[in-house]
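Asker: With the sequence up front, the predicted model follows.
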Amino acid sequence: MGKIKVLFLCTGNSARSQMAEGFLRRLAGDRFEASSAGTQPKGLNPLTTRAMEEIGIDISGHRSKDVSEFKGHDFSYVVTVCDRAKQSCPVFPATTQVLHWSLDDPADTLGTEEEKLAVFRRVCDKIEQRIHEFVKRVA
């Protein structure tokens, strides 16, 4: 049997969905095929890459993708990681389970670079917990 295909979807595909894709690949890439996209992609946020790098996950080769790139692809799960993406989530085949994780957008944080990075780290930790729970429940 093939890998379970998962698409993480947010608005900008700059932080949360990229983190989730990186975590799922690292933690269970032998059982899951992870992808990420945005409804309005903005490019990979450098602080996303930095926060993930600090915990040993290299996503520097990721790029921000539009959800339209995945039109016609079959996914077992689509996970929206922000409220705006949930509201504008495209329709997927009936075989796809859509889950929603409401997570703060670290890219919206104001302050110094260190203050922003602290928020990216916090969101990163939350996503790691969610991925662990998801893998336990699904696999």
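Answerer: Sure thing, it's come through.
Asker: Could you use CA atoms for every contact and neighbour count after this?
Answerer: OK.
Asker: Please pull out the lowest mean pLDDT helix or strand from the protein.
Answerer: Within the chain, no helix or strand scores below helix 83-87, which has a mean of 58 by mean pLDDT, DSSP states H and E.
Asker: what's the nearest residue to the residue nearest to the spatial centre of the chain if we skip its chain neighbours?
Answerer: By CA atoms, centre = their mean, the chain has its centre lying nearest to Ser17, at 1.8 Å. Spatial nearest neighbour of Ser17, chain neighbours left out: Phe8 (5.1 Å); criterion: CA to CA, 6 or more residues apart in numbering.
Asker: ok, then the element right after the least confident helix or strand of the chain?
Answerer: strand 97-100 (DSSP states H and E).
Asker: ok, and what's touching that next one?
Answerer: With CA atoms under 8 Å, 6 or more residues apart in numbering as the test, strand 97-100 has contacts from 76-82, 86.
Asker: For the chain, give me the ranges with low pLDDT.
Answerer: 1, 83-95 (pLDDT under 70).
Asker: Arg31: what's it in contact with?
Answerer: If you count contacts by CA under 8 Å, 6+ apart, then Arg31 has 2-4, 139 around it.
Asker: Please indicate which of those residues are buried?
Answerer: Using 16 or more other CA atoms under 10 Å as the burial test, these include Ile4 as buried.
Asker: rewinding a little: neighbour-wise, which of the contacts of strand 97-100 leads?
Answerer: Thr80 (28 neighbours; other CA atoms under 10 Å).
Asker: all strands for this protein, in order.
Answerer: Taking DSSP state E, the strands of the chain run over residues 4-10, 32-38, 77-80, 97-100.
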